[in-house]
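Participant: Any chance you can model this:
(chains A, B, C and D)
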There are 2 protein chains.
Amino acid sequence: MARPRSFDRDHVLHAAERQFRASGYNGTSVDDISAATGLGRGSLYAAFDGKHGVLLQAMTGYFARLAQGPRKALAGPDEGALERLHAYLLRAVHGVPLAADVPPAPDRTAAACFAAKMALEIGASDPEVKRLANDCFSVVATAVAECVRAAQRNGDIDPDADPDDLAYLLLTIIRGTDVVGAYGLSPARLTSIAESAFALLPRPRHR
Amino acid sequence: MARPRSFDRDHVLHAAERQFRASGYNGTSVDDISAATGLGRGSLYAAFDGKHGVLLQAMTGYFARLAQGPRKALAGPDEGALERLHAYLLRAVHGVPLAADVPPAPDRTAAACFAAKMALEIGASDPEVKRLANDCFSVVATAVAECVRAAQRNGDIDPDADPDDLAYLLLTIIRGTDVVGAYGLSPARLTSIAESAFALLPRPRHR
DNA sequence: ATGGTTCTGTACTGACTTGTCAAGAAGGGC
DNA sequence: GCCCTTCTTGACAAGTCAGTACAGAACCAT
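Facilitator: Purely as a prediction, here's the structure:
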């Protein structure tokens, strides 16, 4: 009965995400979003309720994509849990996309956690952004903790270690590489960091 | 011969830093800086060459203050090196000011690395900001690596471990807590992370 | 083909932005 | 006490910002 939308919602949000990543929230104007997505001002306001709406929905979409990555990469039988953790850690510190349907980022900067970047810029005054970033952290920490528990059951990690503590530590390392990897360290150094962190995981005492 | 300045340069830059921290670079206007520092527009342009100049000089001042912290906290005899590292790590993840003349931050968000925050927002398109952030990372990593070497000489850390790798790993953890601590994790959890990281440091094999 | 509904693009407004400029204030040397 | 130099203040102009409103285009059902 009516004219259908001529754009793909997810595609537009993804383009907006790239723009926000590149220029930050306050650094991108609605015209920038318009140019990046190809949509006119009117369409943007009708479909996403303006700049802030675009951000929230782009972050929500990002979260939905992100959440699948660690879960799929880390879930599985107890046997290979430690190896999965190893592989995940190596990919994560290099910012390799965690979801299969996400194209690889051009550089480490563009691969950093979108939610964390936005939260650092405007999270202090934007509770919704803050909450979304929190959710992103939680989903990773939960998946990692579950994998640590699996590795413990398999006898690959010290059963006395607190899996949540380890998971948060690994999450912190991954988020830290977003920062130091984007603006300081080389990919080779990032690999060293991931390998060092993995090597330091507490192994069972009894042999 | 001429009228002297009526403001203290460092004091003004510090106020500007607080404002940039709170609102981000693109989120603060020159009027905001003017209000935060008490200086008029003209004075700001005359003394600091505008908004970008204020940022660069505020970051430079921050770097100068920051650099003293880790060096003083970590330098010393080989004997207490491991303990110094432990104490430093605990304070760093909580964002406790590293320099003595810096007042404690009101919350973990305000304590995060100023250089890292600015670099994440505009570093991609601002080489000077990027370089300053890099310098901040380097000074911490260098001081930590030196302390690790001291601990190795004292037999408290596995001599086969690469001190630079460990230092970068610890730096990454500290930077990571800036992110997850500001927008997710509780102070108690941050303590756990620091303690876990410290406990995982490789001890000498021979006993 | 036609009508009705929705989408799309553009022009517009009011507020805010940055950087500049000129006039006045303040202090130190003589 | 006077003058010169520098600092400070507020106002100004040009440009940009977000958000709105309106007119036209596109599509589907009948």
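Participant: quick one, what contacts the residue nearest to residue A:117 when sequence neighbours are not counted?
Facilitator: Distances taken as CB to CB, 6 or more residues apart in numbering or on different chains place residue B:120 nearest to residue A:117, at 5.9 Å, with adjacent residues excluded. C-beta coordinates here come from the backbone N, C-alpha and C atoms, glycine included. By CB atoms under 8 Å, 6 or more residues apart in numbering or on different chains, the contact list for residue B:120 reads A:112, A:117, A:120-121, A:179, A:182-183.
Participant: among those, which two are most distant?
Facilitator: Across the contacts of residue B:120, the longest distance by CB to CB is 14.8 Å; it joins A:121 and A:183.
Participant: what pLDDT does the residue of chain A found nearest DNA strand C get?
Facilitator: As assessed by CB to the nearest atom of the strand, DNA strand C sits closest to residue A:42 within chain A, at 2.4 Å. Reported pLDDT at residue A:42 in the predicted model: 89.
Participant: Equivalent analysis for residue A:106, please.
Facilitator: 65.
Participant: hey, which helix is longest across chain A?
Facilitator: helix A:127-153 (DSSP state H).
Participant: And the next helix or strand past that one?
Facilitator: Toward the C-terminus, helix A:127-153 is succeeded by helix A:163-183 as the next helix or strand (DSSP states H and E).
Participant: for chain A, what helix or strand is lowest in average pLDDT?
Facilitator: Of all helical and strand segments in chain A, the minimum by mean pLDDT, DSSP states H and E falls on helix A:108-111, at a mean of 79.
Participant: From the contact counts, what lies against it?
Facilitator: Helices and strands touching helix A:108-111, by 3 or more CB pairs under 8 Å, 6 or more residues apart in numbering or on different chains; DSSP states H and E, are helix A:9-23, helix A:163-183.
Participant: Pull that helix out as PDB, backbone CA atoms only.
Facilitator: Extracted C-alpha coordinates of helix A:108-111, given in PDB (Å, rounded to 0.1, in the frame of the first residue of the first chain):
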ATOM      1  CA  ARG A 108      43.800  -2.000  14.700                       C
ATOM      2  CA  THR A 109      42.200   1.300  15.400                       C
ATOM      3  CA  ALA A 110      39.000   0.500  13.500                       C
ATOM      4  CA  ALA A 111      38.900  -2.900  15.200                       C
END
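Participant: residues of that helix that come out buried?
Facilitator: Buried residues in helix A:108-111, counted by 16 or more other CB atoms under 10 Å in any protein chain shown: A:108-109, A:111.
Participant: For residue A:34, report the pLDDT, please.
Facilitator: Reported pLDDT for residue A:34: 94.
Participant: what number of residues lie near it?
Facilitator: Residues lying near residue A:34 (other CB atoms under 10 Å in any protein chain shown) number 17.
Participant: Closest to chain B out of the buried residues of helix A:108-111?
Facilitator: Using CB to the nearest CB, residue A:109 comes nearest to chain B of these, at 5.6 Å.
Participant: Run through chain A and note the low-pLDDT ranges.
Facilitator: In the predicted model, chain A carries pLDDT under 70 at residues A:1, A:3, A:97-106, A:206-207.
Participant: and the longest helix of chain A, how far from the chain's centre?
Facilitator: Relative to the centre of its chain, helix A:127-153 is centred 11 Å away, using CA atoms, centre = their mean, to the nearest Å.
Participant: is it anywhere near chain B?
Facilitator: Yes: Helix A:127-153 reaches chain B (CB under 8 Å from any CB of the partner chain) through A:130, A:133-134, A:137-138.
Participant: what's the distance between the closest residue to chain B within chain A and residue A:96?
Facilitator: Ranked by CB to the nearest CB, the top residue of chain A for proximity to chain B is residue A:176, at 2.9 Å. To residue A:96, residue A:176 is 16 Å away according to CB to CB, to the nearest Å.
Participant: Who has more neighbours out of the two?
Facilitator: Comparing residue A:176 with residue A:96 by neighbour count (other CB under 10 Å), the higher total belongs to residue A:176, at 26 against 15.
Participant: Excluding sequence neighbours, find me the nearest residue to that one.
Facilitator: Nearest residue to residue A:176, sequence neighbours excluded (CB to CB, 6+ apart): residue B:176, at 2.9 Å.
Participant: do residue A:85 as well
Facilitator: Excluding the flanking residues, the one nearest residue A:85 by CB to CB, 6+ apart is residue A:147, at 5.2 Å.
Participant: neighbours around the one you found, how many?
Facilitator: 28.
Participant: Could you do the one 4 residues further on as well?
Facilitator: Other residues near residue A:151 come to 27 when the count uses other CB under 10 Å.
Participant: Give the full set of residues in contact with it.
Facilitator: Here residue A:151 is in contact with A:78, A:81-82, A:85, A:157 (CB under 8 Å, 6+ apart).
Participant: Show me the two of those residues that sit farthest apart.
Facilitator: A:78 and A:85 (11.8 Å).
Participant: Who has more neighbours out of the two?
Facilitator: Between residue A:78 and residue A:85, counting by other CB under 10 Å, residue A:85 is the more crowded of the two (24 against 15).
Participant: For that one, pull up the helix or strand it's in.
Facilitator: Assigned by DSSP H and E, residue A:85 falls in helix A:81-93.
Participant: and that helix, what other elements does it pack with?
Facilitator: Right, helix A:81-93 is packed against helix A:50-74, helix A:127-153, helix A:163-183, helix A:187-199 by 3+ CB pairs under 8 Å, 6+ apart.
Participant: contacting residues around residue A:179?
Facilitator: Applying CB under 8 Å, 6+ apart, we find residue A:179 in contact with A:112, B:116, B:119-120, B:172, B:175-176, B:178-179.
Participant: In a markdown table: these, plus distance to residue A:14.
Facilitator: A markdown table is the format used below for the contacts of residue A:179 (distance: CB to CB, whole Å):
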| residue | distance to residue A:14 |
| --- | --- |
| A:112 | 16 |
| B:116 | 26 |
| B:119 | 24 |
| B:120 | 21 |
| B:172 | 28 |
| B:175 | 27 |
| B:176 | 26 |
| B:178 | 27 |
| B:179 | 23 |
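Participant: Now flag whichever of those is closest to residue A:64.
Facilitator: Using CB to CB, residue A:112 comes nearest to residue A:64 of these, at 18.1 Å.
Participant: I'd say that closest one and residue A:176 touch.
Facilitator: No: Residue A:112 is beyond contact range of residue A:176, at 10.7 Å (criterion: CB atoms under 8 Å).
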